[in-house]
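> sequence below, structure please.
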Amino acid sequence: MILEAVFLYIKPHLKIQFENDFVLASQYISSINGYLGHRLEKCVEIENKYLLLVDWNTLEDHTVGFRTSEAYFEWKKMLHNYYEPFPIVEHFETVFENKI
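Take a look at the predicted model:
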């Protein structure tokens, strides 16, 4: 499994609209083969900072499957105008995990 992690800085006056549009845009990312789930976390200390975490089966499911799809272009149309600055996307593999 691959974890996509993205810090999103949202234009402060658009936070509520972003959160609403994010819920609607979620239909696009979740329609992609290899998608396993996602969540959006809001930072407690910095009010316009969010963390997007997406689980993918493989890296290519995100970088090729999603980013070259029509669903990505719809996601992009709905959400990319909220970011300032534009986010850096990183991918991670689990090395160790301990859950209760």
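> residues in contact with Ile32?
When the contact criterion is Cβ atoms under 8 Å, 6 or more residues apart in numbering, the partners of Ile32 are Asp61, Gly65, Phe66, Ser69, Ala71. The C-beta positions use only the backbone N, C-alpha and C, and glycine is treated the same way.
> near the fourth one, how many other residues are there?
A count of nearby residues for Ser69, using other Cβ atoms under 10 Å, gives 16.
> and for the last one?
Counted with other Cβ under 10 Å, the burial measure for Ala71 works out to 19 neighbours.
> on the pLDDT front, check the residue nearest to it when sequence neighbours are not counted for me.
For Ala71, the nearest residue in space outside its immediate sequence neighbours is Tyr28; the separation is 4.0 Å by Cβ to Cβ, 6 or more residues apart in numbering. In this model, Tyr28 is scored at 98, pLDDT.
> element containing Tyr28?
Taking DSSP states H and E as the definition, Tyr28 sits inside helix 15-29.
> other SSEs contacting that helix?
Contacts defined by 3 or more Cβ pairs under 8 Å, 6 or more residues apart in numbering; DSSP states H and E place helix 15-29 against strand 35-42, helix 70-79.
> export the contacts of Ile32 to a markdown table and tack on distance to Ile32 and pLDDT?
Output for the contacts of Ile32, formatted as a markdown table (distance: Cβ to Cβ, whole Å; pLDDT from 0 to 100):
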| residue | distance to Ile32 | pLDDT |
| --- | --- | --- |
| Asp61 | 7 | 98 |
| Gly65 | 5 | 97 |
| Phe66 | 5 | 98 |
| Ser69 | 6 | 98 |
| Ala71 | 6 | 98 |
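> out of those residues, which is nearest to Phe22?
Lowest distance from Phe22 to the contacts of Ile32 (Cβ to Cβ) belongs to Ala71, with 14.5 Å.
> nice, that's everything, thank you.
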